[in-house]
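Chemist: okay, sequence plus prediction incoming.
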Amino acid sequence: MMNARPSSRNATNQQTLAAPVTVSGIGLHTGETVTLTLRPAEADSGVWVHRADVTDRDPMIPARWDHVVDTRLCTVLGNAAGVTVSTVEHLMAALAGLGVDNAEIVVDGPELPVMDGSSAAFVAPIEAVGLRAQQAPRRVVRVRDPVTVEDGDSVAALRPAPRGLTIDAGIDFTSAAIGRQRRVVTVTPDSFRRELADARTFGFRHEVEGLRAMGLARGGSLDNAVVVDGDAVMNPGGLRHDDEFVRHKALDALGDLYLAGHPMVGVYAGHRPSHRLNNLLLRALFQRPEAWRIEPAMGTVAEVRADAGDRRRA
């Protein structure tokens, strides 16, 4: 990786959790109860998964794009010892959205708990304990040149942006319950909480039945997913947002992009995105050294403008 530029006085610091938090829930595909503990981690350590139930092999898995080993039903991470952990995208989105740079994810099974199918059940306990600033500047992956990938009728791209990450997600389904939807979100902690955090994963009834016949989706229910049957939503409470489907796709993209290892500065545009497409996009980006660089994160827009004003007056 390229060397980071020297930090400036308006670079922001890295953050970790102020204290450990623990949640328990059902694995979406295994149907088994799993307990997850998020622990604070040292500056510059990034995010790691620790499989606490694994004692005969290396239990540590880096939460990085180059350790993604499967994307068919969710994002699956793995290490050289063959240890894997599934369904990491919703927790990764929570860490990205709230600005957690360093954390250890300790889990006692092969899959993170699905909770309610969104990031909300991770956001609440993290915010309850709060975050702690660390004595190291936050670094970001800045997109410098456009990168595009295609996978069938799906396409995703990353483009440069002055600051922050903007997610532009679009979907198109024949079901009248979903149809064509688009959502554009410039990600900040506030916009993440307001627009993305509570958007649930979704699927079609016939797909769920097929997966269960294969021994998968054993933990799936109307309590942790929006299920569509034909042109109707089966959940008694309906949707949390009229466009909850595309909001969840944006949530997934945020979590998958955080596997870059740092927050990203750029614009993500995805048409019919998937976990596979998102990982292909990161792989395409990092295969082109001229298309990205790692640099210190700048402060908020207000801080950057104030700093520019100070320089003009100097």
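Modeler: That came in fine, so what should we check first?

Chemist: make it CA atoms for all contacts and neighbour counts henceforth
Modeler: OK.

Chemist: spit out the contact partners of the residue lying closest to D145 once chain neighbours are set aside.
Modeler: Distance criterion C-alpha to C-alpha, 6 or more residues apart in numbering; nearest residue to D145, sequence neighbours excluded, is A291 at 4.5 Å. By C-alpha atoms under 8 Å, 6 or more residues apart in numbering, A291 lies in contact with 143-147, 285.

Chemist: which phi and psi values does A291 adopt?
Modeler: phi -90, psi 0 (degrees, to the nearest 10).

Chemist: and if you look at the one 3 residues further on?
Modeler: The phi/psi pair for I294 (degrees, to the nearest 10) reads phi -100, psi 130.

Chemist: distance of the closest residue in space to it that isn't next to it in sequence from A52?
Modeler: Of all residues not flanking I294 in the chain, V141 sits nearest, at 4.7 Å (C-alpha to C-alpha, 6+ apart). Look at V141 and A52: by C-alpha to C-alpha, to the nearest Å, they are 30 Å apart.

Chemist: compare the two (neighbour count), which wins?
Modeler: For V141 versus A52, neighbours defined as other C-alpha atoms under 10 Å are more numerous around V141 (20 against 16).

Chemist: strand partners (parallel or antiparallel) of the helix or strand harbouring the more buried one?
Modeler: Element membership of V141 [criterion: DSSP states H and E] is strand 139-143. Here strand 139-143 has these sheet partners by DSSP bridges: strand 264-271 (parallel), strand 292-296 (antiparallel).

Chemist: hmm, back to that, from the contacts of A291, which is closest to Q15?
Modeler: Distance to Q15 across the contacts of A291 (C-alpha to C-alpha) is lowest for V143, with 22.2 Å.

Chemist: burial check on the closest one, number of neighbours?
Modeler: V143 has 24 neighbouring residues, counting by other C-alpha under 10 Å.

Chemist: wouldn't it be in contact with A161 here?
Modeler: Yes: between V143 and A161 a contact is recorded at 7.4 Å, counting by C-alpha atoms under 8 Å.

Chemist: joint contacts of the two?
Modeler: Common neighbours of V143 and A161, using C-alpha under 8 Å, 6+ apart, are 265-266.

Chemist: hmm, back to that, just the strands paired with strand 139-143: most buried one?
Modeler: Highest mean neighbour count among the strands paired with strand 139-143 (mean count of other C-alpha atoms under 10 Å): strand 264-271, with a mean of 24.

Chemist: just how off-centre is the very next helix or strand once past that one within its chain?
Modeler: Per DSSP H and E, strand 264-271 leads on to helix 275-286 as the next helix or strand towards the C-terminus. Mean C-alpha position of helix 275-286 versus that of the full chain (C-alpha atoms, centre = their mean, to the nearest Å) differs by 13 Å.
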